[in-house]
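**Student:** I need the structure of the sequence given here:
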Amino acid sequence: LRKNNKIIFNRVGIRKSYLFILSRLKSKIINFYQLINSLIIFKGEFTSNPMIIQEKNVSHQNKVEGTPYRVLQTLIDKQASGRLVVQNPLDPSIHWRIYLGNGRIHYAGSAMGYAERLHYLFGRYLPNHNSTLPSEINDDYQYLCELWQTNKFSFQEIRAILAKFTQEALIEILSQNKAFCYFENTVGLENLLLYLNLKKLMLPVESKVRCWWQLRKLIASPFQRPLVTNRSQLIDLIDGQLGQFNPKLKNLIRFLEDQSCLYDLANKMELSTLSLGTLLNPMLQSGAIAMGSYILSANDHRPIVACVDDSASIQRVVKFTLESEGYRVISIKESLKALTALLNPKPHLILMDINMPDIDGYQLCGLCRKSSALKDIPIVMLTGRDGILDRVKAKMLGSVGYISKPFLPQELVKVVNSYLLVERKAG
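**Tutor:** Alright, predicted model coming up:
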């Protein structure tokens, strides 16, 4: 606008300018949207990489056990940017992630079980979608963005889908009474398409959060698997009042034989997970069925990382960090028992502290290298020592790497990924 030969900008004019540019740059909408989003989020403060948002007033080691809602609300109040990982204490194999930008929600989803959850969500909220979802999905957010980028959904449609899926994830997260929560200071999303207010997003579904809260004593997560423990009692319950109340329960026993998780089961029975959980509640209370872990021991194919360290705090950090990345962690606190414990199950990688009582890490590393069963397993030393001689000694005794304490979780993941990828390739 021009007034007294001076150019004046207002919000309406700027908004119209953005829309005009967007209409001219449809082929570059991804990059342009990221630029606009970063302008909104940072209010003029840029980082060297616009996809890595620097956190504000929050420590990268902010790992707590508490109510997820309170932890998330604290981060929002501090206008934090990063990723909150929430681990279910009743089933440690289940993890959720919430991506934040300046105190707003970019996305929330699971850190595992992508295919089961997306199949359920598509069946529930997008029943007319023509595309067939793959049986294996490596990342839910990336997969959804690819559907948009390949014109399966419009820009408005994908934002609505992401918001709905985020809302469902937050219902599951915020209905947990207690959980292990860890905050990382990088977002890690390639495309930032949402900028949601938590209260506005969750207000319409408060009743669902309360219902799930009441079910949490018996059902820790929709990723858990209902298992038959008393078949005759279950048949009596279904043939009786429960079956009359909902005819769909007639097929329940047949579906339970597959040991599917609650997401899969709800999808097959064309019910919401909350409705199914409510129907299963009396069966759980009677002992006819029980909720099993998401990862059944016979089907647990996660790479195994053994951590030999007498520090309970280090063991907790390693286990939480690596299991949220899809690894199975075996914790060994007594160095004298390490050789026996490492034989079954045999790990793909060993993390080993140097300063331990009875047998130190150097001696234990040497013993592992003399064992025919353990000699080829990569060993990475964990220690507060950072001298060149210490590194050389560890190398001479057969270790392949060295991580200095204290370490960032991202550093641990990077090192473990690098050695396991090399080992898998060699195998």
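
**Student:** only C-alpha atoms for contact and neighbour calcs from this point on.
**Tutor:** Fine.

**Student:** Pick out the least confidently modelled helix or strand of this protein, by mean pLDDT.
**Tutor:** helix 29-42 (a mean of 38; mean pLDDT, DSSP states H and E).

**Student:** On the C-terminal side of it, identify the next helix or strand.
**Tutor:** Next in sequence after helix 29-42, counting helices and strands by DSSP states H and E, comes strand 63-66.

**Student:** Can I get that following strand as CSV, trimmed to CA atoms?
**Tutor:** Provided in CSV are the C-alpha atoms of strand 63-66 (Å, rounded to 0.1, in the frame of the first residue of the first chain):
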residue,chain,number,x,y,z
LYS,A,63,14.6,-37.6,30.1
VAL,A,64,11.9,-38.1,32.6
GLU,A,65,9.3,-40.5,33.9
GLY,A,66,5.9,-38.9,34.3
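
**Student:** right, and the helix or strand after that strand?
**Tutor:** Downstream of strand 63-66, the first helix or strand assigned by DSSP H and E is helix 68-77.

**Student:** Report the residue spans of the chain with pLDDT below the cut-off.
**Tutor:** The model of the chain has pLDDT under 70 over residues 1-63, 241-247, 297-300, 386-387, 421-427.

**Student:** wait, doesn't Tyr182 sit right on Val86?
**Tutor:** Yes: contact status for Tyr182 versus Val86: in contact at 6.6 Å, counting by Cα atoms under 8 Å.

**Student:** and Ser110, backbone torsions?
**Tutor:** Reported as degrees, to the nearest 10, the phi and psi values for Ser110 are phi -80, psi 160.

**Student:** hmm, who's touching the helix or strand where Val85 lies?
**Tutor:** In this structure, Val85 is located in strand 82-87 according to DSSP H and E. Residues outside strand 82-87 that contact it (Cα atoms under 8 Å, 6 or more residues apart in numbering): 53-55, 68, 72, 93-101, 173, 179-187, 320, 324.

**Student:** So which of these are in helices?
**Tutor:** In helices, defined here by DSSP state H, the members of the contacts of strand 82-87 are Pro68, Leu72, Ile173, Phe320.

**Student:** show me where the stretch 51-200 of the chain has strands.
**Tutor:** Using DSSP state E, counting those that start in this stretch, the strands of the stretch 51-200 of the chain run over 63-66, 82-87, 95-101, 104-110, 179-184.

**Student:** State the number of residues packed around the nearest residue to Asp91 once chain neighbours are set aside.
**Tutor:** Counting by Cα to Cα, 6 or more residues apart in numbering, Asp91 lies nearest to Ser293, which is 6.1 Å off, once chain neighbours are set aside. Using other Cα atoms under 10 Å, Ser293 has 20 neighbouring residues.

**Student:** Next, give phi and psi for Ser293.
**Tutor:** Per-residue torsions, Ser293: phi -70, psi 150 (degrees, to the nearest 10).

**Student:** before we move on, what about Thr383?
**Tutor:** Torsion angles at Thr383 (phi, psi; degrees, to the nearest 10) stand at phi -160, psi 160.

**Student:** beta partners of it?
**Tutor:** Ser404 (DSSP bridges).

**Student:** burial count for it?
**Tutor:** Around Thr383 there are 19 residues (other Cα under 10 Å).

**Student:** Please apply the same query to Ala288.
**Tutor:** 20.

**Student:** what does Glu411 give?
**Tutor:** 12.

**Student:** hang on, the earlier thing: so which of the ones in helices among the contacts of strand 82-87 comes closest to Ile359?
**Tutor:** Phe320 (25.8 Å; Cα to Cα).

**Student:** need the contact list for the closest one.
**Tutor:** Gln87.

**Student:** separation between it and Asp309?
**Tutor:** Distance, Phe320 to Asp309, using Cα to Cα, to the nearest Å: 15 Å.

**Student:** one step back: distance check, the residue nearest to Asp91 against Ser399.
**Tutor:** 35 Å.

**Student:** Please name the nearest non-neighbouring residue to Ser335.
**Tutor:** For Ser335, the closest residue by Cα to Cα, 6+ apart turns out to be Ile359, at 5.9 Å.

**Student:** so which strand or helix has the one you found?
**Tutor:** Applying DSSP H and E, one finds Ile359 in no helix or strand.

**Student:** So it sits against Ala338, correct?
**Tutor:** No: if you go by Cα under 8 Å, Ile359 and Ala338 don't touch, sitting 9.7 Å apart.
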